[in-house]
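J.: coordinates only, sequence not included:
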């Protein structure tokens with residue numbers, strides 16, 4: 001199957017989407033937000049045992065509201081759910097939202113990861129996440145920074161610093177698929193002792209080092225069960241026309257990419273979640289309908305590895321970066 005990355009190799013290769021990010025180095029946390037130029041059809045699927053979410057019930061196929069204005073990924077555990085409030089404020093100020101009884105109500109589902117035990121200063125008097133959400137919304141654009149930024153600022157995986165990743169793919173028909181992910185997993189993203197990635201079979205053009213496949217990975221993978229918390233949260237986006245049920249199906253399939261890139265994944269201590277969003281600009285061909293979930297999974301696996309590969313060091317980090325350990 002002929003397939004290439006988009007011009008940015010980012011979720012913003014999907015037309016009509018921007019990403020905003022805000023980070024607080026002292027807090028060791030942050031927020032990432034995906035915003036549609038117009039409301040997006042969306043779905044969600046959770047496979048981890050410890051999720052934290054807001055407004056995800058709206059994404060059920062039988063729920064009344066048909067589209068969302070933005071999707072939020074945040075650090076901060078339950079406190080980070082307040083990042084959605086900041087994004088909602090920004091959208092409302094821009095005249096965005098669902099019309100209800102003469103009021104505009106922006107529709108913004110969100111998900112969080114646990115980064116409270118990563119060495120950052122969490123002794124705040126006022127929850128900082130609403131302000132981070134508003135700042136992330138204000139900074140949106142098509143260029144998506146990687147690594148220690150946004151919701152990936154304080155993320156960790158087993159033995160390494162985590163991060164924020166993105167990737168894209170363009171199908172032969174022209175349909176574009178992109179992934180955005182904050183990688184904060186209980187498990188490992190690398191194999192063996194040489195820093196090669198579980199996602200290596202899906203790598204495009206040396207996007208996370210071109211190191212190849214580890215052939216000697218064996219035994220039980222490492223985890224960080226006694227170290228800073230967990231959860232990998234992601235968004236898959238496409239310009240293909242999807243229903244809410246179809247978007248949910250894409251989110252379900254994309255979890256395969258998480259399992260390919262993180263070992264183990266979907267544990268009882270992770271809150272692993274994937275949103276899927278459609279800007280509804282291209283009709284799916286019969287072949288596309290069969291391939292869309294696979295391409296979403298592949299993009300997510302690549303984005304996970306890129307997030308770890310591009311992480312940068314900060315004082316007080318509990319784990320080294322990939323570059324410091326293997327680079």
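T.: On my side now, so go ahead. As the structure is a computational prediction, the values presented were derived from the model and not from experiment.
J.: okay, now residue 312: neighbour count?
T.: Neighbour count for residue 312, taken as other Cβ atoms under 10 Å: 14. The way it works is simple: take the backbone N, C-alpha and C, and place the C-beta from them, glycine included.
J.: what of the one 10 residues further on?
T.: Per other Cβ under 10 Å, the neighbour tally for residue 322 reads 27.
J.: how close does it sit to residue 275?
T.: Going from residue 322 to residue 275 by Cβ to Cβ, to the nearest Å gives 26 Å.
J.: which residue ranges form the helices in the chain?
T.: Ranges of helices in the chain, per DSSP state H, are 83-93, 129-138, 244-261, 286-309, 322-326.
J.: in the first one, what's buried?
T.: By neighbour count on 16 or more other Cβ atoms under 10 Å, the buried set for helix 83-93 is 83, 84, 85, 86, 87, 88, 89, 90, 91.
J.: now the angle between helix 129-138 and that helix, please.
T.: Angle, helix 83-93 to helix 129-138, by axes from the mean of the first three to the mean of the last three Cα atoms, to 10 degrees: 50 degrees.
J.: can you check the longest one too?
T.: Relative orientation of helix 286-309 versus helix 129-138 (the same axes, to 10 degrees): 120 degrees.
J.: what pLDDT does the residue lying closest to residue 41 once chain neighbours are set aside get?
T.: Closest residue in space to residue 41, ignoring its immediate chain neighbours: residue 278 at 4.5 Å, by Cβ to Cβ, 6 or more residues apart in numbering. The model reports residue 278 with a pLDDT of 98.
J.: how close does residue 278 sit to residue 268?
T.: Counting by Cβ to Cβ, the gap from residue 278 to residue 268 is 31 Å.
J.: show me the shaky parts of the stretch 151-300 of the chain.
T.: 215-221, 226-228 (pLDDT under 70).
J.: show me where it has its strands.
T.: 156-157, 160-161, 163-170, 176-183, 190-191, 196-197, 233-240, 273-282 (DSSP state E, counting those that start in this stretch).
J.: got the ones you listed as CSV, with distance to residue 138 columns?
T.: Output for these, formatted as CSV (distance: least, Cβ to Cβ, whole Å):
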stretch, distance to residue 138
strand 156-157, 27
strand 160-161, 27
strand 163-170, 18
strand 176-183, 18
strand 190-191, 35
strand 196-197, 33
strand 233-240, 19
strand 273-282, 21
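J.: quick one: the ones you listed as a markdown table, columns for distance to residue 140 and mean neighbour count too.
T.: Formatted as a markdown table, the strands of the stretch 151-300 of the chain follow (distance: least, Cβ to Cβ, whole Å; neighbours: other Cβ atoms under 10 Å):
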| stretch | distance to residue 140 | mean neighbour count |
| --- | --- | --- |
| strand 156-157 | 26 | 30 |
| strand 160-161 | 25 | 28 |
| strand 163-170 | 14 | 29 |
| strand 176-183 | 12 | 32 |
| strand 190-191 | 31 | 24 |
| strand 196-197 | 29 | 24 |
| strand 233-240 | 14 | 30 |
| strand 273-282 | 15 | 25 |
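J.: among those strands, which comes closest to residue 95?
T.: Among the strands of the stretch 151-300 of the chain, the nearest to residue 95 by Cβ to Cβ is strand 273-282 (19.2 Å).
J.: okay, now the sheet partners of the closest one, with direction.
T.: Using DSSP bridges, the strands paired with strand 273-282 are strand 29-46 (antiparallel), strand 233-240 (parallel).
J.: buried ones in stretch 69-79?
T.: 69, 70, 71, 72, 73, 74, 75, 76, 77, 79.
J.: what of stretch 100-111?
T.: Applying 16+ other Cβ under 10 Å to stretch 100-111 flags 105, 106, 107, 108, 109, 110, 111 as buried.
J.: the third one touches residue 39, doesn't it?
T.: Read that as residue 107. Yes - with contact defined as Cβ atoms under 8 Å, residue 107 reaches residue 39; the gap is 7.3 Å.
J.: a markdown table for the buried residues of stretch 100-111, including distance to residue 251 and pLDDT?
T.: Formatted as a markdown table, the buried residues of stretch 100-111 follow (distance: Cβ to Cβ, whole Å; pLDDT from 0 to 100):
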| residue | distance to residue 251 | pLDDT |
| --- | --- | --- |
| 105 | 24 | 95 |
| 106 | 21 | 96 |
| 107 | 17 | 97 |
| 108 | 17 | 98 |
| 109 | 12 | 98 |
| 110 | 15 | 98 |
| 111 | 11 | 98 |
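J.: ok, residue 257 to residue 266 distance?
T.: Per Cβ to Cβ, residue 257 is found 12 Å from residue 266.
J.: so for those two, which residue has more residues nearby?
T.: Each of residue 257 and residue 266 has its neighbours counted (other Cβ under 10 Å); residue 257 has more, 30 against 19.
J.: against residue 35, how distant is that one?
T.: The spacing between residue 257 and residue 35, counted by Cβ to Cβ, is 23 Å.
J.: end-to-end on stretch 13-32?
T.: In stretch 13-32, first residue to last residue: 17 Å (Cα to Cα, to the nearest Å).
J.: for it, buried residues please.
T.: 13-14, 17-24, 27-32.
J.: check stretch 192-205 too.
T.: Result for stretch 192-205 [16+ other Cβ under 10 Å]: buried residues 195, 196, 197, 198, 199, 200, 202, 203, 204.
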